[in-house]
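K.L.:
Predicted coordinates and the sequence they were generated for:
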Amino acid sequence: MRWYFAVGGALLGFVVAIALSSTVTPQFRATSKIWISISGDAESSALDLAQGTNAAQQRIHSYLDLVPQPIVLQPVIDELHLDVKASELARSVSATSPTGSVVMQIAVTSPDRQRVAEITDSIVRSFSSVVQDRLDANASGVGVTVTQTSPAARPTTPVAPRTRANAALGGSSRCRTRCPRCLPALGPRHQGPRA
C-alpha cells in the first residue's frame, strides 16, 4: 500500500508547485549580439588591424561593465518613455562575452513581452553611440565600431517561472520526503543495481 502514499505525495507536490508558479509574474528575455572591432584609416597596415582585434578583445571586459551604467540606460529610458530609474533597469540587464571573443551578448529580462525586444535593441543603439561617439572616438583615424549582428526577437515563452520543471521537482521531492521508503515497495525491477 506504500505506493499509494508515493503517488499521493507526488500529486500533492505537483499541485503545490503549479499553484506557486501561477502566483509568480512571468518573465521574458530578449537577447542581441554585437561585434566589436577596431578599424583604421586607409594607411593602416595589416599589423595595425591585427593589433586592433587584440585591442578589441582587451576592451570587452570594460564594455561589459559599461552596458548597465546610466550613461547607456538613461537614453533608453528617455527614448522609450519607460517609467523606471536607470538603477532599476540595470537589474534586468546583463552583458556577457566568451573569453577571447570580440562578440558581446546583451540580454534584458522583463515581464513586458511586447517591449522587451524593443528595450534590448534600444540598449544596443545607446551602447554603440556611447562607445563610438563619446568614449572611444580617436582623432588619429583609428576608432571602435560596434555592429549589431543579431537583433533581439520578441520572446514567445517565459524564462521564469519554469512551471514544468517546478512541477516535476515538486512531485519528486514530495514523494521522497513524505514516503522515502516507498520506492523499494514498487518492486525489484524499479530499483537500481545492487552493490
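P.N.:
All right, it came through fine. Owing to the predicted nature of the structure, the values given are computational and were not obtained by experimental measurement.

K.L.:
Residues contacting stretch 64-83, please?
P.N.:
Contacts with stretch 64-83, where a contact means C-beta atoms under 8 Å, 6 or more residues apart in numbering, come from 84-87, 89-90, 93-97, 104, 106, 115, 118-119, 122-123, 126-127, 129-131, 134-135. All C-beta atoms are positioned from the backbone trio N, CA, C, and that covers glycine.

K.L.:
switch the cut-off to 7 Å
P.N.:
Here stretch 64-83 makes contact (C-beta atoms under 7 Å, 6 or more residues apart in numbering) with 84, 86, 89-90, 93, 95, 97, 104, 106, 118-119, 122-123, 126-127, 130.

K.L.:
next one: stretch 98-112
P.N.:
25-37, 53, 56-57, 60, 63-64, 67, 92-97, 116, 119-120, 123-124, 159.

K.L.:
Now, these that are in strands?
P.N.:
28-37, 93-96 (DSSP state E).

K.L.:
got the buried residues for stretch 26-42?
P.N.:
Buried residues in stretch 26-42, defined by neighbour count with 16 or more other C-beta atoms under 10 Å: 27-34, 36, 38, 40.

K.L.:
pLDDT check: weakest of the residues you listed?
P.N.:
Ranked by pLDDT, the buried residues of stretch 26-42 bottom out at G40 (55).

K.L.:
Report the two of the ones in strands among the contacts of stretch 98-112 separated the most.
P.N.:
With C-beta to C-beta as the measure, no two of those lie farther apart than F28 and S37, at 30.6 Å.

K.L.:
tell me which of the ones in strands among the contacts of stretch 98-112 is nearest to T147?
P.N.:
For the ones in strands among the contacts of stretch 98-112, the nearest to T147 is W35 (4.5 Å; C-beta to C-beta).

K.L.:
measure the nearest residue to the closest one once chain neighbours are set aside to R115 for me?
P.N.:
Leaving aside its sequence neighbours, W35 sits nearest to T147 (C-beta to C-beta, 6 or more residues apart in numbering; 4.5 Å). Applying C-beta to C-beta, to the nearest Å, the value for T147 to R115 is 24 Å.

K.L.:
Please apply the same query to D78.
P.N.:
15 Å.

K.L.:
With neighbour numbers in mind, choose between those two.
P.N.:
R115 (17 against 11; other C-beta atoms under 10 Å).

K.L.:
got the phi/psi numbers for that one?
P.N.:
phi -120, psi -10 (degrees, to the nearest 10).
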